[in-house]
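*Asks:* okay, sequence plus prediction incoming.
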Amino acid sequence: MSGGTKFLSVLTILIFLQLSDTPFAEQNQQCAPSSCGHIKNISYPFRLKNDPKHCGDEKYELSCEGNRPIFTMFMTNWNGSLNYYVQAINYDNSTIRLVDPAVPITIFSCPFAMNSPAFVEITNCLNKSDASKGHAYAAMGKLSPSNLRVGCTVNLMSMTSWPIDDANVYISILGLHNALAYGFELSWFRDIYCNKCGFNFGCEGENSRDVRCVDYTCKVYNFRFFKTVCVTQRHVLRVLESFIPWILPIFGVSAVARIVLLPCIFVFLVIELRRRHLSIFDAIESFLHSRNNFMPIRYPYSSIRKMTRNFKEKLGQGGYGSVYKGKLQSGPNVAVKILTKPKADGQDFINEVATIGRIHHVNVVQLIGYCAERSKRALVYDFMPNGSLDKYITPREGGTLLSWQRKSEIALGVARGIEYLHRGCDIQILHFDIKPHNILLDENFVPKISDFGLAKLYPTDNSIVTLTAARGTIGYVAPELINRSIGPISYKADVYSFGMLLIEIAGMKGNSAAREDMSSQYFPHWIYDQFDKEKEIEVLDETHDDEMIIKKLTLVALWCIQMNPLDRPSMTKVVEMLEGELQALQTPPRPFESLQPSPLEFNLSSSLGSTESMILVENCSDSAKVDVIIG
């Protein structure tokens, strides 16, 4: 049977059920209500013994004795029966209130006296033989074994629907009498109405006029319009509930009208079901976006175009493409990076998905998803409304100035993010391009490390890997990446880049504009001289606390930009230094003066801007490699 035929079958059955469905008590409407004592309206499902057999349900037959209605409850476990007085019948919520006329007063007895306001002594109510055995008490509400002393025995627990405050139960003989006389409530809703649904169906509703039988089992329908979908009759019924009043009049009009209207209704129902089906994907997308332990979602390129509204709002231009603002169907804004430049040979895309796709840290930007359709490649990130750090540490005219406390918090956040990359994952991740342009800020100015196009993954059990190209941004790239004689390449390269970032946050890099002709490893000398000579750093309206923050940032930066990689601290140590007190920091040694720049380094410094990332393959044979030591 085809998917469309199945759907029509379900639709026909549901319409038939709606047409043929009548209230469960309709067949009893011709039965006049009976009465007994204070119960004046005894009707379906109840009846008196003398009522006609078609009135009411035989299981709910009442007897009228001494002008009091009595309900007999048959006990299948011991083949007996119990009689209860009927206190009230509520047809609105389908409940009957019963009371046991033979319930004894004694609830529990003890061989010694119990002094508690929660118990009422009823020893005087007992006959002499029972009273001689000790004391008898009654209690209301929840009775915990811890409330009774050793030797006490519970004789009877009786149900009551009398409102009881368990937190403040202080009872009297009158209160006990009222509770027992009030009785307890039982509901007949499920027994009478839900049984008509059968064993394979559930039941919903609040009263006899609102009863729905629901099939919770999954039915799979194959629709031409939207692949395979799992639908329950519960979902179909909810869709049809709004449209059944439209469908019913069709059966009273001409055949021509049926031919015209039925296809329209069918198409409308298919569209409605398709909309609900698509909303499932919105829920899934929202769920995956909110759970950081899932891998990125793979989007088709059509979804990328849709979420960016056909690339309407451009946020910026990166080294390998453009970044656009987008919005997921589930609501959150995103930043979509489209890789379009000739440099994007695919390796940068693989790097980003392979690294950031497995990272979930508060200081690392979250990769939500990606697109890879032949030459079309895109990365979908969390949207960072405050942009990148570079526009705040070197503010443009009319830009926002951050406080020194905020800058210190940003520096610490970036340090924690880098530490996580180095030590927090099951592999070591070297970023190789730490700079202000790659530090994004969310709405609360929490920093997020981004742009993992130059990153490298290193197994923790492999201490030596190979690297055939220097990578990074001039001004931030570690000197050993350019000159192999300086020292081994390791995670200390990221430490150096972070140190240069700290210098820029501290506002010292702008003072070296006259020395743009020097390569990056000469800049630390100038910074050290400025600090060693205790020259004042020009900061507008600085306070004493601000000066301490600037001094701490500068000291930590000088440790990070040591020329010899072995002299630089790990990022774990850097985090400790930024979290600690300024007085605990020692002054670092002066960088090596014996190291001289190579012609290669001079060419790099003059050919690349301060924000452009690069991968440089040195002028060497194919077999020449640089050992990278992970320590």
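*Replies:* Perfect, I can see it now. Numbers count the residues shown, from 1 in each chain.
*Asks:* what helix or strand is the closest residue to V575 other than its chain neighbours on?
*Replies:* Counting by CB to CB, 6 or more residues apart in numbering, V575 lies nearest to A415, which is 4.9 Å off, once chain neighbours are set aside. For the C-beta atoms, the positions are set from N, CA and C on the backbone; glycine is no exception. Per DSSP states H and E, A415 falls inside helix 404-419.
*Asks:* give the buried residues for that helix.
*Replies:* Buried residues in helix 404-419, counting neighbours by 16 or more other CB atoms under 10 Å, are found at 404, 407-419.
*Asks:* now, which of those residues sits nearest N386?
*Replies:* Nearest to N386 among the buried residues of helix 404-419 is I410, at 10.6 Å by CB to CB.
*Asks:* what sits against the closest one?
*Replies:* 389, 402, 439, 441, 445, 447, 505 (CB atoms under 8 Å, 6 or more residues apart in numbering).
*Asks:* let's see 7 Å
*Replies:* 389, 445, 447 (CB atoms under 7 Å, 6 or more residues apart in numbering).
*Asks:* quick check: it vs K391, distance?
*Replies:* Counting by CB to CB, to the nearest Å, the gap from I410 to K391 is 13 Å.
*Asks:* what of E581?
*Replies:* Relative to K391, and taking CB to CB, E581 is found at 31 Å.
*Asks:* and those two? which has more neighbours close in?
*Replies:* K391 (15 against 9; other CB atoms under 10 Å).
*Asks:* now do the more buried one, the pLDDT please.
*Replies:* Model confidence at K391, given as pLDDT, is 87.
*Asks:* confidence score at the residue nearest to V575?
*Replies:* 97.
*Asks:* please apply the same query to L98.
*Replies:* For L98, pLDDT reads 87.
*Asks:* likewise L269?
*Replies:* Confidence score, pLDDT, at L269: 78.
*Asks:* equivalent analysis for the one 4 residues further on, please.
*Replies:* pLDDT for L273: 69.
*Asks:* now swap in the one 5 residues further on and tell me
*Replies:* As summarised for this prediction, L278 has a pLDDT of 53.
*Asks:* what does the one 3 residues further on give?
*Replies:* Per-residue confidence at F281 stands at 49 (pLDDT).
*Asks:* what pairs with whichever helix or strand comes after the helix holding A415, and is each one parallel or antiparallel?
*Replies:* Scanning forward in sequence from helix 404-419 by DSSP H and E, the next helix or strand is strand 427-430. Its sheet considered, strand 427-430 pairs with strand 456-459 (antiparallel) by DSSP bridges.
*Asks:* what about the contacts of I410, which are in strands?
*Replies:* Counting by DSSP state E, the part of those found in strands is P447.
*Asks:* what lines up beside the lengthiest strand in the chain in the sheet?
*Replies:* Assignment by DSSP E gives strand 80-90 as the longest strand of the chain. Strands that pair with strand 80-90, judged by DSSP bridges, come out as strand 68-75 (antiparallel), strand 95-99 (antiparallel).
*Asks:* if we can go back for a sec, could you tell me which residues touch both of I410 and K391?
*Replies:* With CB under 7 Å, 6+ apart, I410 and K391 have no common neighbours.
*Asks:* what's the span of stretch 414-427, first residue to last?
*Replies:* Using CA to CA, to the nearest Å, the end-to-end distance of stretch 414-427 comes out at 19 Å.
*Asks:* contact partners of it?
*Replies:* Stretch 414-427 has contacts (CB under 7 Å, 6+ apart) with 358-359, 361, 363-364, 428-429, 431, 434, 439, 447, 449, 457-460, 491, 494, 498, 501, 571-572, 574-575, 578.
*Asks:* surely V364 and V446 touch.
*Replies:* No: look at V364 against V446 with CB atoms under 7 Å: they stay out of range, at 10.9 Å.
*Asks:* higher neighbour count, the two?
*Replies:* V364 (24 against 15).
*Asks:* do you know how far the more buried one is from R358?
*Replies:* Distance check for V364 against R358: by CB to CB, it reads 10 Å.
*Asks:* kindly report the same for H135.
*Replies:* Separation of H135 from R358 (CB to CB): 70 Å.
*Asks:* higher neighbour count, these two?
*Replies:* Neighbours per residue (other CB under 10 Å) separate H135 from R358, with H135 holding more: 18 against 15.
*Asks:* for that one, give its distance to V150.
*Replies:* For H135, the distance to V150 equals 14 Å [CB to CB].
*Asks:* swap in L502?
*Replies:* Counting by CB to CB, the gap from L502 to V150 is 72 Å.
*Asks:* counting neighbours, go ahead and name the busier of those two.
*Replies:* For L502 versus V150, the count of surrounding residues by other CB under 10 Å is larger for L502: 27 against 6.
*Asks:* for that one, list the residues it contacts.
*Replies:* So L502 contacts 411, 553, 556-557, 560 (CB under 7 Å, 6+ apart).
*Asks:* quick one: the helices in the stretch 451-600 of the chain?
*Replies:* 492-505, 523-532, 544-560, 571-579, 599-607 (DSSP state H, counting those that start in this stretch).
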